[in-house]
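A.B. asks: Provided below are the primary sequence and the corresponding predicted coordinates.
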Amino acid sequence: MQQIDINSPEFQAELEKTWKFVEKVNKQFGFVQNPDEEINEGVAMGLARNKMIYGKRYCPCFMVVGETPEERKAADNRICPCKPALEQEIPTQGYCHCGIFCTPEYAEKHAREEEIEEVVHLHSRGLGKEEAQLLVEKEQLDGDELEALLEARELGMVSFELIDVREPMEFQMGHIKGTDQLWPTSQFYDWFEKIQNKKEDRMILYCHTGSRSYQVQHVMKAQGFKHVGNLTYGIIAYDGEIER
């Protein structure tokens, strides 16, 4: 395999051509680059590397299959901008598999999410209403994010139910302040039948480490519940107030 020196004049020249290629693709399809510059830089360097080695800008996020040009063509390797990205990934999720090409809407939302993440983890200020409404849509939340959402809920910025899916004994030993319901996983089928009218409601689930609530979340979403979040690492990773 050819070794590439990223500091060589040859590579730097190819990298410059790759950035021009990226700009051309963006202009042609109305895309924008990812707000995360590290993603863009990594993908661009991978594209430049593959161009120098194989003569084509194969997608750097997938292994290039085939020893010869004929074998690589027969293997249908992804060549940027690849067909799956243009026809499926970007139209449905807003970004390609590698992440360098995005719709303007996705890029704006992603940048906003990054700003919210900085706010909740650095505790520099409280969430605004728009930020709270965006954050509550996340499927996986960490402790800082849940704490920020509970504060925003107290201020009337957002609404959701916080659900503990542990057992009654665990709940009595300690639960997150602001918990609205106890729905024990061991009694899942009992309470699940009673909440069929809540499929449009926003809910955030938690348990001890996040595993039970994650399982319940996926069952609920598979059954048509549209707004179900999960406290990723459970109550043990929550630094907010605990009631006993």
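C.D. replies: Cool, the structure landed.
A.B. asks: Just the strands from the chain, written as ranges.
C.D. replies: 32-33, 101-102, 140-141, 161-164, 175-176, 181-182, 202-206, 227-231, 242-243 (DSSP state E).
A.B. asks: okay if I get those strands as TSV plus mean neighbour count and mean pLDDT?
C.D. replies: To be clear about C-beta, it is placed using only N, CA and C from the backbone, and glycine gets the same treatment. Shown next, in TSV, are the strands of the chain (neighbours: other CB atoms under 10 Å; pLDDT from 0 to 100):
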stretch	mean neighbour count	mean pLDDT
strand 32-33	18	93
strand 101-102	26	96
strand 140-141	18	96
strand 161-164	22	98
strand 175-176	20	98
strand 181-182	15	97
strand 202-206	24	98
strand 227-231	24	98
strand 242-243	12	96
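A.B. asks: Could I get these in TSV, plus columns for distance to residue 212?
C.D. replies: Formatted as TSV, the strands of the chain follow (distance: least, CB to CB, whole Å):
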stretch	distance to residue 212
strand 32-33	39
strand 101-102	35
strand 140-141	14
strand 161-164	10
strand 175-176	14
strand 181-182	13
strand 202-206	9
strand 227-231	10
strand 242-243	18
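A.B. asks: In terms of secondary structure, what does the helix or strand bottoming out on mean pLDDT in the chain contact?
C.D. replies: Lowest on mean pLDDT, DSSP states H and E among the helices and strands of the chain sits helix 104-122, with a mean of 84. Packing partners of helix 104-122 (3 or more CB pairs under 8 Å, 6 or more residues apart in numbering; DSSP states H and E): strand 32-33, helix 129-135, helix 143-154.
A.B. asks: hmm, 10 Å instead?
C.D. replies: Other elements packing on helix 104-122 under the criterion 3 or more CB pairs under 10 Å, 6 or more residues apart in numbering; DSSP states H and E are strand 32-33, strand 101-102, helix 129-135, helix 143-154.
A.B. asks: Sort out which residues of that helix are buried, please.
C.D. replies: Residues of helix 104-122 classed as buried under the neighbour-count rule (16 or more other CB atoms under 10 Å) are 106, 107, 109, 110, 113, 116, 119, 120.
A.B. asks: Now the fifth one: closest residue in space that isn't a chain neighbour?
C.D. replies: Yep, that's residue 113 we're talking about. Distance criterion CB to CB, 6 or more residues apart in numbering; nearest residue to residue 113, sequence neighbours excluded, is residue 134 at 6.8 Å.
A.B. asks: ditto for the first one
C.D. replies: Spatial nearest neighbour of residue 106, chain neighbours left out: residue 94 (2.9 Å); criterion: CB to CB, 6+ apart.
A.B. asks: And the second one, by the same measure?
C.D. replies: If you skip the residues right next to it in sequence, residue 107 has residue 32 as its closest partner in space, 4.8 Å away by CB to CB, 6+ apart.
A.B. asks: Just to check, that neighbour is in contact with residue 108?
C.D. replies: Yes: with contacts counted by CB atoms under 10 Å, residue 32 reaches residue 108, the gap being 8.8 Å.
A.B. asks: Spit out the residues that contact those two alike.
C.D. replies: residue 102 (CB atoms under 10 Å, 6 or more residues apart in numbering).
A.B. asks: Can you pull the domain assignment for the chain?
C.D. replies: According to automatic domain parsing, the chain comprises the domains 9-101, 109-238.
A.B. asks: Tabulate those domains in CSV, adding columns for distance to residue 244.
C.D. replies: Shown next, in CSV, are those (distance: least, CB to CB, whole Å):
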stretch, distance to residue 244
domain 9-101, 41
domain 109-238, 5
